[in-house]
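> A structural model of the following input is requested.
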Amino acid sequence: MKITYKTNSEVYDLLAGMEDRTPTENATLAYVEKFLKYGRDTDIAQLYADIGKVHRFSREVITKIIDIKPATPEELIAILNSYNINVDNKVLDSILDILKGL
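Numbers count the residues shown, from 1 in each chain. Modelled structure (predicted):
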């Protein structure tokens, strides 16, 4: 089975677009909705691309960054440390600048 990482926004869009949802899908939709951090007009694919241009992160790491939307270098470092990734301050600042623009 292939694992595909999706942001909360992507899961929400996928489930919200379904006409007939199971009770589990409805519960998942309600749960994910609580954690949305971006408006409906935010281009998540472009966000993946922008963060990917700053540093070569895996899709899993970029997904986590997008979902949590860190506001400080310390928050971003905590996310990256959970994947044993160390980057310089320039990379941290670039990612935070991308996220602040949203």
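> what about residue 92, how many neighbours?
20 (other C-beta atoms under 10 Å). (Each C-beta comes from the backbone N, C-alpha and C, glycine too.)
> let me know the pLDDT of it.
With respect to pLDDT, residue 92 scores 97.
> and what of residue 102?
77.
> what does residue 41 give?
Confidence score, pLDDT, at residue 41: 87.
> which stretch of helix or strand covers the residue most central in space within the chain?
In the chain, the centroid-proximal residue (C-alpha atoms, centre = their mean) is residue 66; its distance is 2.3 Å. Assigned by DSSP states H and E, residue 66 belongs to helix 59-68.
> quick one: the next helix or strand after that helix to helix 59-68, angle?
Under the assignment DSSP H and E, the closest C-terminal helix or strand after helix 59-68 is helix 73-81. Counting by axes from the mean of the first three to the mean of the last three C-alpha atoms, to 10 degrees, helix 73-81 points 150 degrees away from the direction of helix 59-68.
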